[in-house]
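Engineer: Below are the sequence and a predicted model; questions follow.
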Amino acid sequence: MLAKLLKLLIALVLLPLVAAEFWTLYDLVRATVPLGQWPGTPILSLVGGFIVWLLIFFFLPKPMWLYVLGHEFTHALAAMLAGGKVSAFKVTAKGGHIMTDRVNWWIALSPYFVPLYALIWIALWLSVDFYYPLKTWQPVLFFGVGFFWCFHVSFTVSMFHLRQTDLTGQGILFSFTIILLFNLLIFLAFFSLLTHDLKKSGQNFLQRTEQSYVYTGQQIQRGADAALKYWHDQHQG
């Protein structure tokens, strides 16, 4: 009970940070795609990958086995990175599970914020590019990132309706906050690299974070002042 209460408090503290990430992403999109102008090839390729995957997701049979494989593999990898041992690994189109001697929020939630196939795609591209420069084929890289990232996002969102024990075991608000926080953080990092301005994006993120927490503190102060005034008026009457 104490652990869940602590996670609830952590989630509440992190919510303004999530808001700052959304704010920063909005700033980046506005700066990258000015109003009234056509976006460049990298952005178009990224969006194209998103759209193609969404068409597959909604109109063709869903590759559940492939998603479950990535999901359980990420659980297993997170467990090993946390110093745990994996003793069983099962994958089917209807679901899967792993058995490990260690369980924590990192292991439970990692499949929901680690875009495994997108990272594999980027790693393969960089490996080939190291030996055979693929600069002229960069639109294919961005298309693949959009495709696999949307694969990750669509299946992650669909899992929220199944009352996953991964989520309920860690607390719903804490789980959603952590999932949003890391998904946005990874996407912001990639988008900043895409626009070739990682330093400026980082500075903007820090500024938006400060503004978000200042605004939150002001609202808490206003609420506290209003509650104190109400209590004072009631006791004066």
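Structural biologist: Thanks, I have it. The model shown is predicted, which means the values in this text are computed figures rather than measured ones.
Engineer: Strands along the protein, start to end?
Structural biologist: For the chain, applying DSSP state E gives strands covering 86-92, 95-100.
Engineer: which of those strands is buried the deepest?
Structural biologist: strand 95-100 (a mean of 16; mean count of other CB atoms under 10 Å). For the C-beta atoms, the positions are set from N, CA and C on the backbone; glycine is no exception.
Engineer: tell me which strands and helices that one is in contact with?
Structural biologist: Using 3 or more CB pairs under 8 Å, 6 or more residues apart in numbering; DSSP states H and E, the elements in contact with strand 95-100 are helix 64-81, strand 86-92.
Engineer: Name every strand pairing with it and say which way it goes.
Structural biologist: strand 86-92 (antiparallel) (DSSP bridges).
Engineer: what about the partner strand, distance to the chain center?
Structural biologist: 25 Å (CA atoms, centre = their mean, to the nearest Å).
Engineer: Could you give the backbone dihedrals for P115?
Structural biologist: phi -80, psi 80 (degrees, to the nearest 10).
Engineer: count of neighbours near it?
Structural biologist: 24 (other CB atoms under 10 Å).
Engineer: With F205 instead?
Structural biologist: Neighbours of F205 (other CB under 10 Å): 22.
Engineer: so how far is C150 from V157?
Structural biologist: Going from V157 to C150 by CB to CB, to the nearest Å gives 10 Å.
Engineer: out of those two, which sits in the busier spot?
Structural biologist: Per other CB under 10 Å, whichever of V157 and C150 has more neighbours is C150, with 22 against 11.
Engineer: hang on, that one packs against L46?
Structural biologist: No. Assessed by CB atoms under 8 Å, C150 is found out of contact with L46, at 9.5 Å.
Engineer: Quick check: closest non-adjacent residue to the residue most central in space within the chain.
Structural biologist: By CA atoms, centre = their mean, the chain has its centre lying nearest to N183, at 1.1 Å. Once flanking residues are discounted, N183 sits nearest to F113: 4.9 Å by CB to CB, 6 or more residues apart in numbering.
Engineer: I'd say the one you found and T177 touch.
Structural biologist: No. F113 is not in contact with T177 according to CB under 8 Å; the separation is 10.8 Å.
Engineer: hang on, the earlier thing: closest one to L228 among the strands of the chain?
Structural biologist: Among the strands of the chain, the nearest to L228 by CB to CB is strand 95-100 (49.1 Å).
Engineer: Next, the angle from the closest one to helix 64-81.
Structural biologist: Orientation check (axes from the mean of the first three to the mean of the last three CA atoms, to 10 degrees): strand 95-100 against helix 64-81 gives 10 degrees.
Engineer: which residues touch strand 95-100?
Structural biologist: Applying CB atoms under 8 Å, 6 or more residues apart in numbering, the set of residues contacting strand 95-100 from outside is 68-69, 71-72, 75-76, 79, 84-90, 107.
Engineer: before we move on, the earlier item: F113 and T177: who's more crowded?
Structural biologist: Between F113 and T177, T177 has the larger neighbour count (other CB under 10 Å), namely 21 against 18.
Engineer: Not counting its neighbours along the chain, what's nearest K85?
Structural biologist: For K85, ignoring the flanking residues on the chain, the nearest one in space by CB to CB, 6+ apart is D101 at 5.3 Å.
Engineer: how close does the residue nearest to the centre of the chain get to K199?
Structural biologist: 22 Å.
Engineer: same question, G96
Structural biologist: 41 Å.
Engineer: repeat for A82
Structural biologist: A82 is 32 Å from K199, by CB to CB.
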